[in-house]
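[1] For reference, the sequence and a predicted model appear below.
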Amino acid sequence: KKTEAGDRLPTTKQAVSEEFVPLSKDLDTSDEYADARAAKSCICRCEGCFLSGAAGTAPGNSRKEPMDNMENAIWGLSIGAVEADILELVAYILVLLFVDDLTLAGSRLGAVLRFIIIFLRAMGFAIALKKFKAITSINDDADLLDIGVPISDKAELLSCELSYARNESQETVLCIDCCREPRLSKCRDWLDSGALPTKAVMYSLAGNLSYDPLRLHPVERLLADEIRAATAGWPDWSKVASLTGDKQKHYEAVMAWMAEVTQEGPAVTPGCKHTSPLYESHELLIEAFSDASLVGSGFAIYCRRPTDPIEARVPLWLEAWRQKHPRWHSNRRELAAALRCVQATVDLLKVRQEHLSPYCPSKVLFYCDNKSTVQWSNTEGIGDQVLAGKAVERRALARHIFSIQSELRALRCELQCPTEVVHVEGASNHSADWLSRLGERLSTFAIQTDDSEDEEHLTDRSWMIEHE
């Protein structure tokens, strides 16, 4: 296709490199960027680009529609012509794809905008304006409005709202609002209505409580599991359940807990905002705590800068679950909780490694108040010694030990993170201990257990463990 002047648009990599500002330059602060803005020319240097305030427009005429200018800017460019530029752009931005929802983020405005021009439009990824939201940490939003990018105070992603704010140190941070109030209000409204329960309604309430993409509301998620456990045996989805005896007491206890969790107050009022420094380019200190009790287990993962005080810890993941195997030995319960904690930490840091360029390893500290778990985690080959012993649960213990050691090797080798497993006194393991005991209020009600996966039959002698 020819332009108005009759010349073809560039179709070679050399032409593309001439049309676009070199990626090594910081477009947000360079003099060239400022001069281009002052002249109302396109920061991408592409003729007819929709980011240009004057390009492709005759003096005195209104500028072209964004779609027309965009077509003129990229028409004729092949995939091969821009492949190298796209790969280089990826180093400057964060791309998150969830089904058909795409999120772009980066510290360089020019890189993000050029990615939209080169990649999305070239691939036919058209975006309706009403579905497009742009938020920025740049103080002067007027500069962005000049180039035709509509700026919003917040953007929605996975039913959460993202916005920029300043922390106590006056640093710009990305905040995520859980937007939980509409979901919790549905639970309150149903409780206030006095309606009779059905299995479908109970699962709907559990869904409203359990939705927590940030993994920072463990009480609600545990309560949702309790609701499903209490109603899983109801035979019909739509008929009102007839409850008597222990089932009625269990149902009433769960509903009383839900009323407490969903009641209006500081915990559920608007402003449930969270921040995470996980994508910051400097070194972080990751601290993870795990614990297990007779009624449940839990772990808590925090991060902060190495120079920040303990009070500056930011929660990354809080998890709690009921103990389905109360006859397990305490060492086995502690190992199971520690394993899930280590696995969650590895998952978080793998995401950081994949999306942070250049990648900066973080120091990781695991805390546990069980001395055997700490010793086994810090000693290679200890699983073989346990397996050769006479403990009734030796196979299960060895499996957990081998798994923990494997995850720790992944942290140290693949993720290059200095990692330590440290013993902490039980009185100092506050968060994990609290999470492991969340189910105490419902401990009198039995939950379904399945020991079919156990490799050995547990007897009353399961407390016998041989270890140093």
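    Perfect, I can see it now. Residues are numbered from 1 along each chain as shown.

[2] which residues touch the closest residue to R228 other than its chain neighbours?
    In this structure, R228 finds its nearest non-sequential neighbour in A206, 5.2 Å apart by C-beta to C-beta, 6 or more residues apart in numbering. For every residue, glycine as well, the C-beta is placed using N, CA and C. With contacts defined as C-beta atoms under 8 Å, 6 or more residues apart in numbering, the neighbours of A206 are 224-225, 227-228.

[3] Can you lay out those residues as a markdown table showing neighbour count, pLDDT and distance to A253?
    Shown next, in a markdown table, are these (neighbours: other C-beta atoms under 10 Å; pLDDT from 0 to 100; distance: C-beta to C-beta, whole Å):
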| residue | neighbour count | pLDDT | distance to A253 |
| --- | --- | --- | --- |
| A224 | 23 | 96 | 15 |
| D225 | 18 | 94 | 14 |
| I227 | 25 | 94 | 11 |
| R228 | 17 | 94 | 15 |
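
[4] ok, back up a step: just the element for the residue nearest to R228, please.
    Take DSSP states H and E as the rule and A206 turns out to sit in helix 199-210.

[5] Any figure for the gap between the residue nearest to R228 and A200?
    Here A206 is placed at a distance of 11 Å from A200 (C-beta to C-beta, to the nearest Å).

[6] helix, strand or coil for the spatially closest residue to L435 that is not a sequence neighbour?
    Excluding the flanking residues, the one nearest L435 by C-beta to C-beta, 6+ apart is G298, at 2.6 Å. In three-state terms, and counting by DSSP: H, G, I helix; E, B strand; the rest coil, G298 is strand.

[7] G298 pairs with what?
    In this entry, G298 is beta-bridged to D291, A320, by DSSP bridges.

[8] Show the contacting residues for it.
    G298 is in contact with 218, 290-292, 318-321, 337, 432, 434-436, 438, counting by C-beta under 8 Å, 6+ apart.

[9] Output stretch 120-137 as CSV - backbone C-alpha positions only.
    Taking C-alpha atoms only, stretch 120-137 is exported to CSV below (Å, rounded to 0.1, in the frame of the first residue of the first chain):
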residue,chain,number,x,y,z
LEU,A,120,-0.5,-5.5,19.0
ARG,A,121,-1.6,-3.7,15.9
ALA,A,122,0.7,-5.7,13.6
MET,A,123,-0.8,-8.9,15.0
GLY,A,124,-4.3,-7.7,14.6
PHE,A,125,-4.9,-7.4,18.4
ALA,A,126,-7.5,-4.6,18.3
ILE,A,127,-8.6,-3.1,21.6
ALA,A,128,-11.9,-1.3,22.2
LEU,A,129,-11.3,2.0,23.9
LYS,A,130,-13.8,1.3,26.6
LYS,A,131,-11.8,-1.8,27.5
PHE,A,132,-8.4,0.0,27.5
LYS,A,133,-7.2,1.5,30.8
ALA,A,134,-3.8,3.2,31.3
ILE,A,135,-2.5,4.1,34.8
THR,A,136,0.8,5.9,35.4
SER,A,137,3.1,6.9,38.2
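
[10] What average pLDDT does it get?
    Mean per-residue pLDDT for stretch 120-137: 74.

[11] ok now it, how far from the chain's centre?
    Distance, stretch centre to chain centre, for stretch 120-137: 22 Å (C-alpha atoms, centre = their mean, to the nearest Å).

[12] do stretch 310-321 as well
    A distance of 13 Å separates the centroid of the chain from that of stretch 310-321, by C-alpha atoms, centre = their mean.

[13] Now do the same for D308: helix, strand or coil?
    Applying three-state DSSP to D308 yields a three-state assignment of coil.

[14] Next one: it from V314, what distance?
    Applying C-beta to C-beta, the value for D308 to V314 is 9 Å.

[15] show me where the stretch 151-300 of the chain has strands.
    All strands of the stretch 151-300 of the chain, identified by DSSP state E, counting those that start in this stretch, fall at 155-157, 160-166, 172-177, 273-275, 285-292, 296-304.

[16] Counting neighbours, what do you get for R409?
    Neighbours of R409 under the rule other C-beta atoms under 10 Å: 12.

[17] hang on, it is in a strand, isn't it?
    No. Assigned with three-state DSSP, R409 falls outside any strand and is helix.
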